[in-house]
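Colleague: Model the following, please.
(chains A and B)
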Amino acid sequence: MALMLVKFDMKKRVKLAQTIWFLYWFAVMAGVLVFSMGLFFKIELRKRSELMDNNESHLLPNVLILMGLIACGVNAFGGKVCYDSLDPSKFIKWKPMLKPFLMFCVGFNGLLFVTALLCFVMRIPLQFTLAEGLKSGMKFYKDTDTPGRCYMKRTLDLMQMEFRCCGNNHYRDWFEIQWVSNRYLDFSAKEVKDRIGSNVDGQYLMDGVPFSCCNPSSPRPCIQGQMTNNTAHYSYDHYTEELNVWKRGCREAMVSYYGGLMNTIGALVLLVTMLEIAVTIGLQYINSSLSSLVNPEDPESESEGWILEKTVGETFTDIMTNMKAMSKGGKVEEEAEAGVATVS
Amino acid sequence: MPFMPVKFNLQKRVKLAQGLWMIYWLSVVVGILIFSLGLFFKVELRKRSEMMDNNESHLVPNLLILVGLLAGGVSAFGGKVCHDSLDPVKFAKWKPMLKPYLLLCCGFNVLMLLTALLCFLMQFSVYLTLAEGLKNSIRFYKDTDTPGRCFMKRTLDLTQIQFRCCGNNNFRDWFEVQWISNRYLDMGNELVKDRVLSNVEGKYLMDSVPFSCCNPGSPRPCIQHHLTNNSAHYDYDHRIEELNIWSRGCREALFAYFSSMMNSIGVLILFTIMLECLDMAGLKYLATALESMEDPENPECESEGFLLEKGVKETFADLFVKMKMLRGGNEVEGGEAAEAT
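Modeller: As a prediction, the model looks like this:
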């Protein structure tokens, strides 16, 4: 008793083949889409890898790129088979390859589903990597003369301007580190000596933030320095001032950006998985309907198509029996060899 | 003696029709591209219209949108005619429309030539509008409480950050305007009063620039204030300092952006004109080849296609004669009407 049996005549078979061919071309484009999304995500991670301590995991974009390429190849092959399925002479040469191809497709669909799940799950390690990386990024902001870190200032400034954020959790993070290089500090000035002497690590700390924290929408020119000192600026109260610098922390901004990106990619990969399942089922119908022709010589005869030749339970039992037979056959061969070896 | 005749058999005619159909579809895609570029250009002008005094000319983007739509329509029609040309029954209904259609294509090509010319020439007008507009923008930077100008500060800051520029010609333009609103100046302070009294117009001028002029690529934290005072900052010489703030002026930066956009669009339109000419030539060959079939019942017979029925000079002479006759006819009619009165 086959699973989901459908009767086919010539017209229905032709329509099925045409529809599945069309869907296969759609699926090729979907594969290209998955590939390009993986590439885009990889580039985005690379652009900001300085802020993630250079040890972010590229597993997800690499998997997406690989899946995209395989999807393109598999779907192009499937489309070709569909195109040839209406011509019995051409279809003969594809017939023996169809069963392994369909099993491969089923496995590939499973992998696609796992990739989609991975997209949603990999947010968590990314959050930790970002937290660590941003903290070090801010510490190295002043090291514009140290090889390997000289672009940290520029990267951090551009990121704060682009994502409209300031500091790791909020702008006060800048108060706790020295972000002005010693090269630009006059150590003979009393003020500088006082500040350096005022803390254990000997760092020049100020209640100021870099210019990239400034909010352009503020009605007054940006107040960057002496931010907690109300008397230093006219008509300024740092408790109520809201538009002066960005309030959001950069970790939150980046996590929401990358999280949104990964959610979108995950949703799209799920859609592509459903499309792939649909075309696999369609190809199985084409295959079964063409192999069950009532009269093999007459192309206009009726036939039946199905997803599985027997029911689900029976198919599983068959697979189990096959596997047992294979492992037993292996054992018998080993015993025979051992017997022969001991005899000789 | 026809101009550039070519002999066609059935196979050649079919190939010509198929090739021409593909070129027509390419023209439709190019038409859509021109339409979207016109739309993009219009949106960009709107985005920065505050910095052009709100009186920038939208002639070029509107023309581009029109030309893009017309190109798409004309090419789609041509493609349909090509598709039907291989079936004599269907082609018979398109036959009478072909001559006016080809004349329309000629006129359309002239319109596109005009548009391309405008793309290259209107850059001057954009330059002048930018110069005026930016000067006013810098003046209105501080008016964040005046309705109609309250977003000028934000627009100018974002522009300077995005285009990596400072001021109109260079950063010194900021020294000549008061860019801090009086609301944030303590008029009771001696320093403020000195500055305000030091110039005729009573403006609070400083040798400072807004934060959006800062260059993130500078190795040291941005120096915005007391830019010309070397002793105000440790190890600073304003004459040799290069990376601190952007050295380019915003007029130059914005103009470079718009002019490169207009140049590329102009080049694309020139390419479209050549494509359309190719389309027209192909369609003329196809139409004449189908008309001049020796035996209309037999589709496999040979035929001849040409671009012009007579030579170039003779065609022009014919045109002149026709135009004279039209005018002459009008004069005669005018004379008769005068006689009748």
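
Colleague: contacts, neighbours, all on C-alpha from now
Modeller: Fine.

Colleague: could I get the helix or strand containing B:C105 in PDB with only the CA atoms?
Modeller: Here B:C105 is covered by helix B:98-121, with elements defined by DSSP states H and E. Below are the C-alpha coordinates for helix B:98-121, written out as PDB (Å, rounded to 0.1, in the frame of the first residue of the first chain):
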ATOM      1  CA  LEU B  98       5.200  49.900 -38.400                       C
ATOM      2  CA  LYS B  99       6.000  53.100 -40.300                       C
ATOM      3  CA  PRO B 100       4.600  55.500 -37.700                       C
ATOM      4  CA  TYR B 101       6.200  53.300 -35.000                       C
ATOM      5  CA  LEU B 102       9.600  53.700 -36.600                       C
ATOM      6  CA  LEU B 103       9.100  57.500 -36.900                       C
ATOM      7  CA  LEU B 104       8.200  57.500 -33.200                       C
ATOM      8  CA  CYS B 105      11.400  55.700 -32.400                       C
ATOM      9  CA  CYS B 106      13.400  58.300 -34.300                       C
ATOM     10  CA  GLY B 107      11.800  61.100 -32.300                       C
ATOM     11  CA  PHE B 108      12.400  59.200 -29.100                       C
ATOM     12  CA  ASN B 109      16.100  58.800 -29.900                       C
ATOM     13  CA  VAL B 110      16.300  62.600 -30.400                       C
ATOM     14  CA  LEU B 111      14.600  63.100 -27.000                       C
ATOM     15  CA  MET B 112      17.200  60.700 -25.400                       C
ATOM     16  CA  LEU B 113      20.000  62.600 -27.000                       C
ATOM     17  CA  LEU B 114      18.600  65.800 -25.500                       C
ATOM     18  CA  THR B 115      18.400  64.100 -22.100                       C
ATOM     19  CA  ALA B 116      22.000  62.900 -22.300                       C
ATOM     20  CA  LEU B 117      23.100  66.400 -23.100                       C
ATOM     21  CA  LEU B 118      21.200  67.800 -20.200                       C
ATOM     22  CA  CYS B 119      22.800  65.300 -17.900                       C
ATOM     23  CA  PHE B 120      26.200  66.600 -18.800                       C
ATOM     24  CA  LEU B 121      25.300  70.300 -18.800                       C
END
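
Colleague: Which strands or helices does that helix pack on?
Modeller: The elements that helix B:98-121 packs onto, with contact taken as 3 or more C-alpha pairs under 8 Å, 6 or more residues apart in numbering or on different chains; DSSP states H and E, are helix B:59-84, helix B:250-291.

Colleague: Name the next helix or strand following the first one along the chain.
Modeller: It refers to helix B:59-84. Sequence-wise, the next helix or strand beyond helix B:59-84 is helix B:88-94, with elements assigned using DSSP H and E.

Colleague: and what of the last one?
Modeller: Sequence-wise, the next helix or strand downstream of helix B:250-291 (DSSP H and E) is strand B:303-305.

Colleague: ok now that following strand, how far from the chain's centre?
Modeller: Taking C-alpha atoms, centre = their mean, to the nearest Å, one finds strand B:303-305 lying 41 Å from the centre of the chain it belongs to.

Colleague: I'd like the mean pLDDT over it, please.
Modeller: Here strand B:303-305 scores 78 as its mean pLDDT.

Colleague: Give the pairing partners of that strand; include direction for each.
Modeller: strand B:6-8 (antiparallel) (DSSP bridges).

Colleague: what mean pLDDT would you report for the strand it pairs with?
Modeller: Per-residue scores along strand B:6-8 average to 82.

Colleague: Residue ranges in the stretch 151-300 of chain A under the pLDDT threshold?
Modeller: By pLDDT under 70, the low-scoring segments of the stretch 151-300 of chain A are A:294-297, A:299.

Colleague: Chain B contacts on that one?
Modeller: Contact residues, the stretch 151-300 of chain A versus chain B (C-alpha under 8 Å from any C-alpha of the partner chain): A:151, A:153-154, A:157-158, A:180-181, A:184-186, A:210-212, A:214, A:216-222, A:234-235.

Colleague: just checking, which of those belong to helices?
Modeller: Judged by DSSP state H, these include A:K153, A:R154, A:D157, A:L158 as members of helices.
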